[in-house]
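> Just need the structure, nothing else, for what follows:
(one chain, ligands or ions: 1)
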Amino acid sequence: MTNFVSRLLSRTEPMIAEARTGDAAAIAAIHAASFQRGWGEDEFRRLIAEPAVVTHRAAAGHNLTGFIMSRVTAGEAEILSVAIAPSWRGRGFARPLLDLHLRRLAGVGARTVFLEVGEHNTPAMRLYRRAGFYEVGRRPGYYDGGATALTLRRDLG
Ligand SMILES: CC(C)(COP(=O)(O)OP(=O)(O)OC[C@H]1O[C@@H](n2cnc3c(N)ncnc32)[C@H](O)[C@@H]1OP(=O)(O)O)[C@@H](O)C(=O)NCCC(=O)NCCS
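Have a look, this model is predicted:
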């Protein structure tokens, strides 16, 4: 039975949609479970409502399983945050979420996308490289604990 349930879950396709301010609490919870310094629910509500910020959510049934958020300024987008809830990682949810998000960023006029990622964050690096991001900068000691941050870039359409 357990195997049956986990097979069913592992086949679940994420439903991806634009996030709303009502998703702020669930997004804040995923963020807090994913990063050392969580951003609060109010901060997410404010960001989601900001006209220059594009936010998408991934869901499986009633569960909000992940999100991605970027700010677009003068044709340049910066991915502010992306995370999949810990129990939903490794099922390929991040890729369609990122793909749709990039298409939407292009649709609102972004020509380039930038992000910062820890150089040893293997799942994130694989995700970004496969999506066509490439390294354009490096900031040694950027993160607490001294890890190097890489700046990645992706050119859109
Ligand atoms: C990065 C993150 C969003 C990826 O989400 P995900 O749904 O688990 O990713 P996917 O299942 O689509 O896998 C993405 C790639 O990472 C690989 N991967 C997944 N988990 C892995 C692990 N534990 N170790 C190594 N590689 C892993 C997958 O094989 C895939 O690579 P491939 O396409 O070359 O096979 C997720 O790990 C996360 O939320 N991490 C914490 C927050 C974070 O670090 N965000 C990025 C900050 S820049």
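> okay, CA-based contacts and neighbour counts for the rest of this
Will do.
> just checking, what's the longest helix in this protein?
Taking DSSP state H as the criterion, the chain has its longest helix at helix 94-107.
> what packs against that one?
Applying 3 or more Cα pairs under 8 Å, 6 or more residues apart in numbering; DSSP states H and E, we find helix 94-107 packed against strand 15-18, strand 53-60, strand 63-73, strand 76-84.
> which neighbours does the second one have in its sheet, and in what orientation?
When you say that, I think you mean strand 53-60. For strand 53-60, the paired strands and their directions (DSSP bridges) are strand 15-18 (antiparallel), strand 63-73 (antiparallel).
> Residues in contact with that strand: which ones?
The set of residues external to strand 53-60 that reach it, using Cα atoms under 8 Å, 6 or more residues apart in numbering, is 12-19, 47-48, 64-72, 93, 97, 101, 105.
> swap in the shortest one?
Here strand 15-18 makes contact (Cα under 8 Å, 6+ apart) with 54-60, 96-97, 100.
> Export these to TSV and append columns for pLDDT and distance to residue 141.
Shown next, in TSV, are the contacts of strand 15-18 (pLDDT from 0 to 100; distance: Cα to Cα, whole Å):
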residue	pLDDT	distance to residue 141
54	98	29
55	98	29
56	98	30
57	98	31
58	97	32
59	96	35
60	94	37
96	97	31
97	98	29
100	98	32
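> Would you point out the most distant pair within the residues you listed?
Put simply, by Cα to Cα the two of these set farthest apart are 54 and 60, 20.5 Å from each other.
> neighbour count winner among the two?
More crowded of residue 54 and residue 60, by other Cα atoms under 10 Å: residue 54, with 23 against 16.
> how near is the more buried one to residue 80?
Taking Cα to Cα, to the nearest Å as the measure, residue 54 and residue 80 are separated by 10 Å.
> so what sits against both of the two?
69-71.
> Give me the buried subset of the residues you listed.
69-71 (16 or more other Cα atoms under 10 Å).
> filter those by proximity to the ligand?
The subset of these lying close to the ligand, counting by Cα under 6 Å from any ligand atom, is empty.
> can you put those in a markdown table and add distance to residue 155?
A markdown table is the format used below for these (distance: Cα to Cα, whole Å):
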| residue | distance to residue 155 |
| --- | --- |
| 69 | 17 |
| 70 | 15 |
| 71 | 15 |
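> CSV for these, including pLDDT and distance to residue 131?
Converted to CSV, these look like this (pLDDT from 0 to 100; distance: Cα to Cα, whole Å):
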residue, pLDDT, distance to residue 131
69, 98, 16
70, 98, 16
71, 98, 19
